[in-house]
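Participant: Attaching a predicted model along with its sequence, questions to come.
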Amino acid sequence: MGSAHLEGHLGTGGLVLTALALNAPLAMMAGYIPFEIGLGLGAATPLVLVLVMALMLVFAVGVLAMARHMNQPGAFYTYITAGLGRSAGLGAGMCALIGYILLAGGSYVFTGILIQKLVAAYLPGTRLDWWVGALGMWVLVTAISLFNIDVSTKVLGVFLCVEVAIVMLWNLRVFLDGGPEGRGLDVTAQLGTGSVGMAFLFSVASLAGFESLQVFRTETRDPLRTIPRASYLTVALLAAFYALSSWAYLVAFGTDAAIASAADPAGGFTASLARYAGKTVADLAVVIMVTSALASLLAMQNISARYVFALGRDGVLPSWLGKVNDRFHAPTRAAGAIGTILGAFTLVVTALRIDPVLTYLATSGLGLWTLITLMGGTALSVVTFFRRNTGLEPSVWKALVAPGFAVLGFAYVITQATLNKNVMMGGDATLATISIGLVVVTFLGGLVYARWMRARRHDVWLRIGNQD
């Protein structure tokens, strides 16, 4: 092991499937979309999603323009290194790794809860602790993540197609029925009654994922063409899917009832599936929510493993983590390390008897805050990269205007995410403040570690971000 290189045959379809699976569309419909409607702008939600699509597209314009001029583009770690320097890049890489681990850890807890409820509903009298289902899912996902990325793509594709088909069937039946108040929407009805910031926050979360595709660069066919195509397609498809589905959600419930449904999002959505698409589809959806979580977890572990691989390859983490498996041409050691961390996380939560619901809310909220902040840092990095390398990109739109708009947009979303941190992380403002503080400390720790390497291990310092 060690002489091989990462290999894969990902095309546009495989990359899009990976990014879409990260979002877990069915779980989003049972979670984020009701929260966005209930805590945000109600009937204006489809419009907000379209506006956030514009933000994500201008973000993509700058990021993809920058990627063409980089030696090893690889998401937040290498983008921020190239634009803001090695110290900031290493801090960002550490935070990105922590962010994905938090999201995956919370998702395992959530999946365990889903499996627990599924067993209770369909096997009356059977008691299954949440951690049993979580660890069972962990074994399956971690095993798949050890192999070549093409294996993961096949698994993602099957589950994603089924869950999208369920939501689209529900959309169709809702629009044919017309709901209790009709198909029309007054997008101004709730203006001033909800939080614009929360609406934008959940919208960014529901459209994220494309920015991670660069970590699969060496496992992709013709990455200079394929990755940009997949990135734009991912944003457009997600925005269209969620805008249409949020409109259907509002029609299905009626605006006021849809807003009230945020108190029990999963239960409300499942009941609506039964009403409009039939009990069989609703029952299938409950099962598919578990496989949706599997697909999302697989995407998160694959991305996290490639961050560990990159940091190991550059010498920041132990070099054995940056080795490629000779047989699978995959970062098997890095994937195993991530799997071990996530398994240990689940065991710790179980052993300490920490409330699983609060664990899910806190870890997913903090992970989301971390990734949105890194998006803002990446947008700023694009601007500084092209300012420092004048003439490298002849298009002012790609080099300055588009990433400049992205910086402003993300600055607003990050501010709102910070102001509403208690809502994001389960309602405890003190815990939320401490949690954000720990992410900031992680970033600062990366800065200090980078400065130490500059003084003591200059060869490793030069390899940070792998840009030379």
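Facilitator: Noted; the coordinates are in hand. Numbers count the residues shown, from 1 in each chain.

Participant: contacts for stretch 127-140?
Facilitator: Contact with stretch 127-140 is made by 108-109, 111-116, 119-120, 290, 293-294, 297, 339, 342-343, 346-347, 349-350, 356, as judged by Cβ atoms under 8 Å, 6 or more residues apart in numbering. Placement of C-beta: from N, CA and C, glycine included.

Participant: What mean pLDDT does it get?
Facilitator: Mean pLDDT, stretch 127-140: 94.

Participant: distance between that stretch and the chain's centre?
Facilitator: Distance, stretch centre to chain centre, for stretch 127-140: 22 Å (Cα atoms, centre = their mean, to the nearest Å).

Participant: How about that stretch, which residues are buried there?
Facilitator: Using 16 or more other Cβ atoms under 10 Å as the test for burial, stretch 127-140 gives 128, 130-131, 133-135, 137-138.

Participant: now swap in stretch 437-446 and tell me
Facilitator: By 16+ other Cβ under 10 Å, the buried positions in stretch 437-446 come out as 439, 442-443, 446.

Participant: what's the answer for stretch 162-177, then?
Facilitator: 162-164, 166-167, 169-171, 173-175.

Participant: for the chain, which spans come out with low pLDDT?
Facilitator: Along the chain, segments meeting pLDDT under 70 span 1-9, 40, 71-74, 149-153, 156, 187-197, 265-266, 427, 467-468.

Participant: Can you list the residue ranges for helices in the stretch 151-300 of the chain?
Facilitator: 196-207, 223-253, 255-260, 265-277, 279-313 (DSSP state H, counting those that start in this stretch).

Participant: for the stretch 1-150 of the chain, same thing?
Facilitator: For the stretch 1-150 of the chain, the helices defined by DSSP H, counting those that start in this stretch cover 12-23, 25-29, 32-35, 45-67, 75-84, 86-122, 130-145, 149-177.

Participant: what angle sits between the last one and helix 12-23?
Facilitator: Orientation of helix 149-177 against helix 12-23 (axes from the mean of the first three to the mean of the last three Cα atoms, to 10 degrees) gives an angle of 70 degrees.

Participant: Tell me the helices and strands packed up against helix 149-177.
Facilitator: helix 12-23, helix 25-29, helix 130-145, helix 223-253, helix 265-277, helix 279-313 (3 or more Cβ pairs under 8 Å, 6 or more residues apart in numbering; DSSP states H and E).

Participant: Tell me which of the ones you listed lies nearest to Leu400.
Facilitator: Proximity to Leu400 (Cβ to Cβ) singles out helix 223-253 among these, at 18.8 Å.

Participant: returning to what we had before: looking at the helices of the stretch 1-150 of the chain, spot the one closest to Ala263.
Facilitator: Closest among the helices of the stretch 1-150 of the chain, using Cβ to Cβ: helix 32-35, at 8.9 Å.

Participant: quick one: which of the buried residues of stretch 437-446 sit in strands?
Facilitator: The members of those all map outside strands under DSSP state E.

Participant: Which two of these have the greatest separation?
Facilitator: The largest separation in the buried residues of stretch 437-446, counting by Cβ to Cβ, is between Val439 and Gly446 at 10.9 Å.

Participant: if I look at these two, which residues touch both of them?
Facilitator: Cys95.

Participant: wait, doesn't Gly365 sit right on Asn422?
Facilitator: No. The criterion here is Cβ atoms under 8 Å, and Gly365 misses it with Asn422 at 9.1 Å.

Participant: Could you point out which of the helices of the stretch 151-300 of the chain sits nearest Thr142?
Facilitator: If we rank the helices of the stretch 151-300 of the chain by Cβ to Cβ, the stretch that ends up nearest is helix 279-313, at 6.9 Å.

Participant: And that closest one, what does it pack against?
Facilitator: helix 12-23, helix 25-29, helix 75-84, helix 86-122, helix 130-145, helix 149-177, helix 265-277, helix 332-351.

Participant: Same list (these) but as TSV, adding distance to Asp428.
Facilitator: Shown next, in TSV, are the helices and strands packed on helix 279-313 (distance: least, Cβ to Cβ, whole Å):
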stretch	distance to Asp428
helix 12-23	26
helix 25-29	23
helix 75-84	27
helix 86-122	15
helix 130-145	21
helix 149-177	32
helix 265-277	20
helix 332-351	16
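
Participant: Compare these and give me the one nearest Leu311.
Facilitator: Across the helices and strands packed on helix 279-313, Leu311 has its closest neighbour in helix 86-122 (6.0 Å, Cβ to Cβ).

Participant: how about the helices of the stretch 151-300 of the chain, which one is nearest Leu57?
Facilitator: helix 223-253 (5.7 Å).

Participant: Show me what the closest one is packed against.
Facilitator: Secondary-structure packing of helix 223-253 (3+ Cβ pairs under 8 Å, 6+ apart): helix 12-23, helix 25-29, helix 32-35, helix 45-67, helix 149-177, helix 196-207, helix 255-260, helix 265-277.

Participant: now the ones you listed as JSON lines including distance to Phe405?
Facilitator: Below are these laid out as JSON lines (distance: least, Cβ to Cβ, whole Å):
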{"stretch": "helix 12-23", "distance to Phe405": "22"}
{"stretch": "helix 25-29", "distance to Phe405": "25"}
{"stretch": "helix 32-35", "distance to Phe405": "24"}
{"stretch": "helix 45-67", "distance to Phe405": "5"}
{"stretch": "helix 149-177", "distance to Phe405": "30"}
{"stretch": "helix 196-207", "distance to Phe405": "14"}
{"stretch": "helix 255-260", "distance to Phe405": "30"}
{"stretch": "helix 265-277", "distance to Phe405": "32"}
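
Participant: wait, which of those helices is closest to Val460?
Facilitator: helix 45-67 (24.0 Å).

Participant: Ile288 and Cys95, how far apart?
Facilitator: Per Cβ to Cβ, to the nearest Å, Ile288 is found 32 Å from Cys95.

Participant: the more surrounded of these two?
Facilitator: Neighbours were counted for Ile288 and for Cys95 using other Cβ atoms under 10 Å; Cys95 has more, 24 against 21.
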